[in-house]
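> What follows is a predicted structure for the sequence shown.
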Amino acid sequence: MPTKADFRVGLVQMRCSEDPADNVKRALSHVKTAAKKGAEIVCLPELFRTQYFCQREDTSLFDLAEPIPGPTSQAFSKLAKKLGVAVVVSLFERRAPGVNHNTAVIIGPDGGTRGIYRKMHIPDDPAYYEKYYFVPGDLGFKVFDVGAAKVGTLVCWDQWYPEGARLTAMRGAEVLFYPTAIGWHPREKAEVGASQADAWRTIQRSHAIANGIWVCAVNRVGFEGAADAGLEFWGGSFVCDPFGVVVAEAGRTDEEVLVVRCDRARMEDVRRNWPFFRDRRIDAFGDITKRWIDGAVVGENVGGNGGENVGGNEG
């Protein structure tokens, strides 16, 4: 069990070329840089091995998937052992023919795999056609002890859902990593780009505040895809403390390696003074597992009963 007063995280913000071997080589180099700066746990961006292929639906792109363990995870296992650091590696997992996942592999400082997390929430939006490629995760929300800290890992689209962050924190995570690939559609950037990036930053800061936990968002940079219809990945990788204070943040366009000290005393202080876990009304949250609560508005006129509330006995 971690006993040190602090731990150090490394965030690798990188651009991704059309050459998977080059991307892996540069990612390995970035992990080395983070380790030299003192990082004990290093996180790479979502699906860094390739450019973001989910911009289109193409059966040939399933050839990019690889098993776990496989060439990429084994390369990082070897490096993790050599450097004595833990690494979060985001991969296109080939589980079986026709069954593929968007998966984070958590590798310990001894080079051993602590476990995997399969992305739970799978988007299907213009240029983010992930439902075509990925089966939703079936392992639930997990926490991994990598020695330096207890790590929770969710992936990109998961970052918009408070339930995932809450359940991961409740399992004892001290830091929550979000490997990410998010960017602007060029035609939308001028009108809504600033608000989109602000919403992305705000929702993850809110997970830190609501759960009293360190949060690390790790994005890529660069333009990928067709000139008039591709994606401009907006970078902005950041670390925020358990009260949502951003303590380090990368720029929008360049590759960067951030290394940040995370103080366990900060978690204790925030949770003592903002005791959200103490005050949660767990007896009243049963309906959270429903898709929607129909007819639950008090005073709603249902079925022409003169305004009588008939929606209060929902199963």
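Arrived safely. Values in this document were obtained by computation on a predicted structure and should not be read as measured data. Numbering: from 1, shown residues only.

> Name all residues that make contact with the spatially most central residue of the chain.
For the chain, residue 178 is the residue whose C-alpha lies nearest the centre (C-alpha atoms, centre = their mean; 2.1 Å). Neighbour list for residue 178: 153, 154, 155, 156, 158, 159, 204, 215, 216, 217, 218 [criterion: C-beta atoms under 8 Å, 6 or more residues apart in numbering]. (Each C-beta comes from the backbone N, C-alpha and C, glycine too.)

> Tabulate the residues you listed in JSON lines, adding columns for neighbour count.
Listed next are the contacts of residue 178 as JSON lines, based on neighbours: other C-beta atoms under 10 Å:
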{"residue": "153", "neighbour count": "28"}
{"residue": "154", "neighbour count": "27"}
{"residue": "155", "neighbour count": "28"}
{"residue": "156", "neighbour count": "25"}
{"residue": "158", "neighbour count": "24"}
{"residue": "159", "neighbour count": "22"}
{"residue": "204", "neighbour count": "22"}
{"residue": "215", "neighbour count": "27"}
{"residue": "216", "neighbour count": "27"}
{"residue": "217", "neighbour count": "30"}
{"residue": "218", "neighbour count": "29"}
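
> elements contacting the stretch of helix or strand residue 247 belongs to?
Element membership for residue 247, per DSSP states H and E: strand 246-249. Here strand 246-249 touches strand 238-240, strand 256-263, going by 3 or more C-beta pairs under 8 Å, 6 or more residues apart in numbering; DSSP states H and E.

> Just say which of these is most tucked in.
Greatest average neighbour count among the helices and strands packed on strand 246-249 goes to strand 238-240 (a mean of 24), per mean count of other C-beta atoms under 10 Å.

> Determine the longest helix present in the chain.
helix 186-211 (DSSP state H).

> can you pull the buried residues of that one?
186, 193, 196-197, 200-201, 204-205, 207-211 (16 or more other C-beta atoms under 10 Å).

> Check stretch 41-48 too.
By neighbour count on 16+ other C-beta under 10 Å, the buried set for stretch 41-48 is 41, 42, 43, 44, 45, 46, 47, 48.

> from those residues, which two are the most distant?
41 and 47 (19.5 Å; C-beta to C-beta).

> thinking again about what came up before, quick one: which of the buried residues of helix 186-211 is nearest residue 298?
Closest to residue 298, out of all of the buried residues of helix 186-211 and judged by C-beta to C-beta, is residue 210, at 26.2 Å.

> Relative to residue 283, how far out is that closest one?
Applying C-beta to C-beta, to the nearest Å, the value for residue 210 to residue 283 is 19 Å.

> From residue 229, how far out is residue 125?
13 Å.

> same question, residue 117
Distance from residue 117 to residue 229, by C-beta to C-beta: 31 Å.

> Same check on residue 292?
According to C-beta to C-beta, residue 292 stands 34 Å off from residue 229.

> do the same with residue 89
From residue 89 to residue 229 the distance is 29 Å (C-beta to C-beta).

> Repeat that for residue 33.
Relative to residue 229, residue 33 is positioned 34 Å away (C-beta to C-beta).

> quick one: residue 109 and residue 149 touch, right?
No - with contact defined as C-beta atoms under 8 Å, residue 109 does not reach residue 149; the gap is 11.3 Å.

> Could you check how far the longest helix of the chain is from the centre of its chain?
Averaged C-alpha coordinates place helix 186-211 at 14 Å from its chain's average position (C-alpha atoms, centre = their mean, to the nearest Å).

> Take the buried residues of stretch 41-48 and write them to TSV, including distance to residue 95, secondary structure and pLDDT.
Shown next, in TSV, are those (distance: C-beta to C-beta, whole Å; DSSP: H, G, I helix; E, B strand; the rest coil; pLDDT from 0 to 100):
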residue	distance to residue 95	secondary structure	pLDDT
41	26	strand	98
42	25	strand	98
43	22	strand	98
44	20	coil	98
45	22	coil	98
46	18	coil	98
47	16	coil	98
48	20	coil	98
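
> Show me the shaky parts of the stretch 201-315 of the chain.
For the stretch 201-315 of the chain, the stretches with pLDDT under 70 are 300-315.

> now the strands for it?
214-218, 221-224, 231-234, 238-240, 246-249, 256-263 (DSSP state E, counting those that start in this stretch).

> Which of the ones you listed sits closest to residue 60?
Of the strands of the stretch 201-315 of the chain, nearest to residue 60 by C-beta to C-beta is strand 221-224, at 17.3 Å.

> ok, and what's touching that closest one?
By C-beta under 8 Å, 6+ apart, the residues outside strand 221-224 that reach it are 13-16, 51-52, 55, 183, 230-235, 252-255.

> Could I get the CA-only coordinates of it as PDB?
Only the C-alpha atoms of strand 221-224 are listed here, as PDB (Å, rounded to 0.1, in the frame of the first residue of the first chain):
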ATOM      1  CA  VAL A 221      -2.100  17.600 -30.700                       C
ATOM      2  CA  GLY A 222      -1.900  18.200 -34.400                       C
ATOM      3  CA  PHE A 223      -4.300  18.100 -37.400                       C
ATOM      4  CA  GLU A 224      -5.300  14.600 -38.700                       C
END
